[in-house]
Every structure is written in structure tokens, then in C-alpha cells.
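> generate a structure from the sequence data that follows.
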Amino acid sequence: MASNMKKYNTEELWRKDRDHNIHPWTNFASFKEEGSLVMSHAEGPYVYDSDGNQFIDGIGGLWCVNIGYGREEMADAIADQIKQIPYYSTFNHLTTPPAANLAAKLAELAPGSLNHVFFGTGGSMANDTAVRIIHFYFNRLGKKNKKKVIARTDGYHGSTYLAMSMTGVTFDHQGFDLAPDLVHHIPAPNCYRRPEGMTEEAFCDAKVADLENKILELGPENVACFIAEPIMGAGGVIVPPKGYHQKTREVCSKYDVLYISDEVVTGFGRLGHFFASEAVFGFEPDVITCAKGISSGYLPLSATILSEAIYDVISVPQAKGALFTHGFTYSGHPVVCAAGVKNIEIMERDDICGHVREVGPYFESQLKALLDYPIVGDVRGSHFMMCIENVADKQTKEIFPPEVAIGQRIAHHCQKRGLIVRPIAHLNVMSPPLILDRAQIDTMVSTLRQSIEATMSELKAEGLWSG
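This next block holds a predicted model:
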């Protein structure tokens, strides 16, 4: 147990939370009985529950605690800013030092001509902002029919109304409405599920053709933008075939369709660079959206980063007295921006991106050793963004029925052994703090190995899998 951990009444907290707190992605079939595990303390890559049990945080909060927990200098920077000025509006041509400094720093870090920043408080907001500004951009150019958005099946872009409409994870749409006819989806570039015998190069060309064909089907004069994660996150850590982003970028440019690179997960070091679009995948988008790792989750912050070409259009007054009427109460919040500035300072000083580039391949190779288990069909991802796909039959790639809850079973066994991994249907996802060392990676992989073995034994005992 961490030495400075406070004492809590776990039962009281559990009850209050169960009775009054609506959680994201709640499983109401079990929540009212099981409630929530109360996490009360964190340090480095570890989190502790309110009874003092320690866990390696294999999911980094939610893809976001990149510099690790308990950084006193981060707490000091936040406290110092609160003492200076805790809040002021950025409406009406007002700003604060942290907002100005962070905007300039992001422009420095972003590739090419992406030099203009709009702040929000989460990835959903960043993506909504991107589309709203792009629509405004085309309106200003007199291309008022260019409104449609193309996204991808299994892409994840957030949970606000528009962001969830762009999200292509159909499981998340159950019972909820989407924006009708605004967003259109094309198939995910999932190499593991490509047709048998098809080369990766041919598969890439087919997925790029999906985009071009969809633009032509909708009419280029009607399509505003294409939104894509460099590596798809919550949809299964899907790594595209080599050259995919460069080729889809070329298709977008051909038809005057703007490219939004959703770097909410991949940004700020998870793949070893502050931004992955150009550094890892070799293309420059028109817009980058980011959140999560921008503040390492210490405070809610997001940014929509725009190219000079977009800014040059939207910054021309529409008419005398007209304003750019988009914004939020907490856009450019000084305390949150101070956390963003300090986060980047820590990452640069400690060369966290370099650490990820050095240790990430080790994490990948150790996890791939789990492929020796008959239920592990695929281990994929890059650096500190990884996924295990569990299957009932390795040859056919058939997955377990949903009621088996294979991902949840493995996650449960991991949790009992002191590791938090994320179950997504038949998948287990890992996105730990970027400070993880080789010994901690070894512990993670050893725990996963034990948990997979326990799960296979459990399935056999229950007659759900013959092996």
C-alpha cells in the first residue's frame, strides 16, 4: 500500500456510488449488485483501491495517464495557477498566459502548417469542433453542400451526439439515436480479418478504394471530411496496412475532402512521438484532434489543431459585426492549460517519447509471446497501444459467443492478480502509462499469461470450450 494513502470507508463509498452515480458504459445487468471498485490512490504506474490493494494500471486511466500518477510538480503547477488566476473567459478577445503558451507550443509540435488551436475539454468536443469548423469553412467558400462526413466501421470518435454518429462501433449505438444521413461509414482496415490469401498491399488498395468509392457515391460536392484514427483505439487497436494513411490522404486531396486525424489516443507519446500522423504514418492532415495525453489525464483538456489554409478562410469576417460564434465556457481554461504546459515540459525533459520508442518494441514482443495459447488469435498494436484478440478457433478466427464474455473473464482474472486491463467484447486492450519499465512489463505479461490459463481452465470446466 502507498505510504500516504488516506483511509476510506469502502462500503459507504460503494453504496453512494451505486445509488447515485451513473457511469459511462454501465452494465445495468450487474451494476446494481456488483457496484464499482473504488480507486482511491495512485502513484507512478500503480493504482490502489480504497482497501489498499495495488494494481498495475494497464490501461493508463483510459489511454491517458501518460506521465504516470502522483507527479508533485504537476500538482504544484496546477496549484500555482489556481493562486494566480483560477479561471477567466477567453470570449471577447481575452486570454491568459497558460492558454497563449500552450497554443504556441502545440503549434510548434504539430506537423507542417497546423498552427492554430481551439481548446475544449475532451476528445468528443474536439471532434465536434473539427466538423463544425469544417462546415463553416466550406460555407465561407460558397460550397454549402459539402456537409457529409466519412468515418470508418469500428472507429471511435467520442460520445456526444455528433461524435457518436461518427463512431463506427455499432455496439455503442444500441438504443441511442444518430445524426441521420450526416455520417457514412466505410470498412475498417483490419488486416487480421482480411480475406484469406490477400496480400497486405492488395488489402490496403481495397480499403483505400472503399474511401474513394464512398466519396463518388455521395458526390464529392457533398463530402466535407474524412475522420480517421492513425491506429484505431476502442474499436480494437486496428493498425492499418502500410501506406494506408498516405493513400487515403491523396484521395481526400483529389476530391477537396478535408482529413481529420483523430489523435486523441495516439497523440502525446503513446506511439513514441507527440503526434503520430506525420512522424509515424508519413502524412499531414488538415486537422488534428487531441485530448487524453495532452494533460496526462490530470485535468480535462482537448485541442482541435487547424491548418493555415483553414484558418485563412475562417478568420475572414463574414460581414460587418459578424463573429466566429463557436466556443465553450471552459475553452482555454487557465488551470487546465497550465497542466498541459507542464505535461509537455515533463515529457520533453524526461524524453518520455524516446523511452516509448526504446521500450515499446519490448512490450510488443513480450505480448506476442502469448500467441502460443490456442485462444489468442492476434496480438497487435504499436508501442504502448496494444490489443489481444481472443478466439474460439485459431484456424477459422471464429470468436466466442458474446455470452461467454471472454474479454471480461480474462480482465477479471488479471484484476484478481493485481493488473487492470480493458475488456472490449472478445478483446483485451492495454495502454499503460508511458513510464512503464521492462520489469513492470514482464509482470504485466506474466499476469496475463496466468489469467489466460485460468480462463481456459474455467471455460473447459464449464463446458464452453473444448480446447
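> the helices in the stretch 101-250 of the chain, which residues?
123-140, 161-166, 200-218, 244-254 (DSSP state H, counting those that start in this stretch).
> what do you get for the stretch 301-450 of the chain?
Counting by DSSP H, counting those that start in this stretch, the helices of the stretch 301-450 of the chain are 308-314, 334-349, 352-368, 406-416, 438-461.
> figure out which of those helices is closest to Phe203.
Nearest to Phe203, of all these, is helix 352-368, at 20.7 Å by Cβ to Cβ. Glycine gets a C-beta too; all of them are placed from N, C-alpha and C.
> buried stuff in the closest one?
Of all the residues in helix 352-368, those buried under the rule 16 or more other Cβ atoms under 10 Å are Ile352, Cys353, His355, Val356, Val359, Gly360, Phe363, Glu364, Gln366, Leu367, Lys368.
> what about the second one, distance to Val38?
As for Cys353, its distance to Val38 is 33 Å (criterion: Cβ to Cβ, to the nearest Å).
> domain ranges for this structure?
Following automatic domain parsing, one gets these domains for the chain: 10-67+351-461, 73-349.
> on that earlier part again, need the helices of the stretch 301-450 of the chain in CSV with distance to Gly235 and mean pLDDT, can you?
Listed next are the helices of the stretch 301-450 of the chain as CSV, based on distance: least, Cβ to Cβ, whole Å; pLDDT from 0 to 100:
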stretch, distance to Gly235, mean pLDDT
helix 308-314, 27, 98
helix 334-349, 26, 98
helix 352-368, 19, 98
helix 406-416, 14, 98
helix 438-461, 21, 98
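> which one, of those helices, ends up nearest to Glu12?
Taking these one by one with Cβ to Cβ, helix 406-416 is closest: 22.0 Å.
> show me how far the closest one is from its chain's centre.
22 Å (Cα atoms, centre = their mean, to the nearest Å).
> next, count neighbours for Asp154.
23 (other Cβ atoms under 10 Å).
> quick one: pLDDT of it?
Asp154 carries a pLDDT value of 97.
> what's the spatially closest residue to it that is not a sequence neighbour in contact with, if anything?
Once flanking residues are discounted, Asp154 sits nearest to Gly235: 3.2 Å by Cβ to Cβ, 6 or more residues apart in numbering. Contact analysis of Gly235 by Cβ atoms under 8 Å, 6 or more residues apart in numbering lists Thr153, Asp154, Gly155, Tyr156, Gly168, Val169, Ala188.
> in these, which residue is surrounded by the most others?
Busiest of the contacts of Gly235 [other Cβ under 10 Å] is Tyr156, holding 25 neighbours.
> what's near enough to touch it?
Thr167, Gly168, Val169, Asp172, Glu229, Met232, Gly233, Ala234, Gly235 are the contacts of Tyr156 under Cβ under 8 Å, 6+ apart.
> show me the shaky parts of the stretch 1-150 of the chain.
Of all residues in the stretch 1-150 of the chain, those with pLDDT under 70 make up the ranges 1-4.
> ok so, going back, looking at the contacts of Tyr156, which is nearest Asp262?
Glu229 (4.7 Å).
> need phi/psi at that closest one.
phi -80, psi 140 (degrees, to the nearest 10).
> ok, now how distant is it from Gly236?
With distances taken as Cβ to Cβ, Glu229 is found 11 Å from Gly236.
> ok, which of the helices of the stretch 301-450 of the chain comes nearest Asn139?
Shortest distance between Asn139 and the helices of the stretch 301-450 of the chain, using Cβ to Cβ, is found for helix 308-314: 9.5 Å.
> give the burial count for Ser159, as a bare number.
Residues near Ser159, counting by other Cβ under 10 Å, number 15.
> correction: the previous question concerned Phe203.
19.
> thought it was touching Pro240?
No - between Phe203 and Pro240 there is no contact under Cβ atoms under 8 Å: 9.6 Å.
> anything in contact with each of the two?
Common neighbours of Phe203 and Pro240 (Cβ under 8 Å, 6+ apart) are Pro189, Cys191.
> contacts for stretch 67-86?
42-47, 57, 96, 98, 296, 298-299, 334-335, 338-339, 341-343, 346-347, 350, 352, 433-435.
> in three-state terms, label Val264 for me.
Of the three states, Val264 takes coil under DSSP: H, G, I helix; E, B strand; the rest coil.
> for Asn190, see how far away it is.
Applying Cβ to Cβ to Val264 and Asn190 gives a distance of 20 Å.
> neighbour count: these two, which is higher?
Val264 (28 against 22).
> now the more buried one: closest residue in space that isn't a chain neighbour?
Spatially, and ignoring its direct neighbours in sequence, Val264 is nearest to Gly123 (3.7 Å; Cβ to Cβ, 6+ apart).
> Met456 now?
Using Cβ to Cβ, 6+ apart, the closest residue to Met456 is Ile375 (6.1 Å).
> now the residue lying farthest from the centre of the chain: how far from Phe274?
Relative to the centre of the chain, and counting by Cα atoms, centre = their mean, the farthest-placed residue is Lys320 at 40.4 Å. Per Cβ to Cβ, Lys320 is found 40 Å from Phe274.
> ok, Asp372 next?
Relative to Phe274, Asp372 is positioned 36 Å away (Cβ to Cβ).
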